[in-house]
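>>> Sequence and predicted model, in that order:
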Amino acid sequence: MSSAYRECQRRLLRAEIGFKYRDLRILKKNYMYDLNELKENVPDNIFQHISKYIINRSRALLYMKEDNLQRKINSFQSRQRRVPRIDQNVVKNLSSRILSHDETDCLAHGLDYGLVPKKADDMNIVSNIENFFHRITDISQHHKKLMSEVTNKDTVDGCDVCVLDSKEMTLASSFRSITD
């Protein structure tokens with residue numbers, strides 16, 4: 001949505017709320033006036049009975065409106081998607097290795113169901129992304145010698161410096177945003 005559209009919606013909502021408050025103030029003023037008129041013209045015990053009736057009737061209407069609003073609010077909440085139960089007897093283990101319950105469950109659900117590893121190896125993930133980047137951009141990667149074997153540790157080797165063009169920089173930027 002554009003900012004102009006959002007601003008227009010905001011102004012419309014403010015105006016609508018303003019009109020509702022104005023109408024509420026008018027209704028309150030009329031209610032108080034009618035209540036005073038009723039109090040002056042009706043005996044006290046009848047007035048008490050009528051005021052209890054008005055309060056109970058108003059309370060029922062307010063509860064009904066509150067329930068309606070709560071239902072509308074709840075309709076916007078995210079619901080848990082139910083995963084259908086699949087019979088685990090579908091999986092036949094033909095290997096000598098015993099499958100765990102999670103592995104059997106994963107095989108029963110198919111390819112769209114996966115297990116989250118208990119421990120993710122961050123260095124392996126970074127290594128795989130770097131290898132993928134070097135294969136895609138076709139940049140040769142020179143492996144450095146171990147630092148203990150290098151005589152001049154603070155010098156920069158010319159073969160280790162790569163100059164990337166704009167296309168390669170864009171690809172590197174998008175890969176970095178994925179891994180961050």
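All right, it came through fine.

>>> tell me the domain ranges of this structure?
Residue ranges for each domain of the chain read 3-75, 84-116, 119-145+157-180, as given by automatic domain parsing.

>>> Put together CSV for the ones you listed, with mean pLDDT and mean neighbour count on each row.
To be clear about C-beta, it is placed using only N, CA and C from the backbone, and glycine gets the same treatment. Listed next are the domains of the chain as CSV, based on pLDDT from 0 to 100; neighbours: other CB atoms under 10 Å:
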stretch, mean pLDDT, mean neighbour count
domain 3-75, 88, 10
domain 84-116, 72, 10
domain 119-145+157-180, 66, 10
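
>>> Just the element for residue 169, please.
helix 166-179 (DSSP states H and E).

>>> what's the longest helix in the chain?
helix 3-41 (DSSP state H).

>>> Now the residue nearest to the spatial centre of the chain. Its backbone dihedrals?
Nearest residue to the geometric centre of the chain (CA atoms, centre = their mean): residue 78, 8.6 Å. Dihedral pair for residue 78: phi -80, psi 140, per degrees, to the nearest 10.

>>> Please apply the same query to residue 79.
According to degrees, to the nearest 10, residue 79 has phi -110, psi 150.

>>> That one - how many residues pack around it?
By the criterion of other CB atoms under 10 Å, residue 79 has 7 neighbours.

>>> what about it, distance to residue 48?
For residue 79, the distance to residue 48 (CB to CB, to the nearest Å) stands at 48 Å.

>>> measure the residue nearest to the centre of the chain to residue 109 for me?
Using CB to CB, which is the criterion applied here, residue 78 is 22 Å from residue 109.
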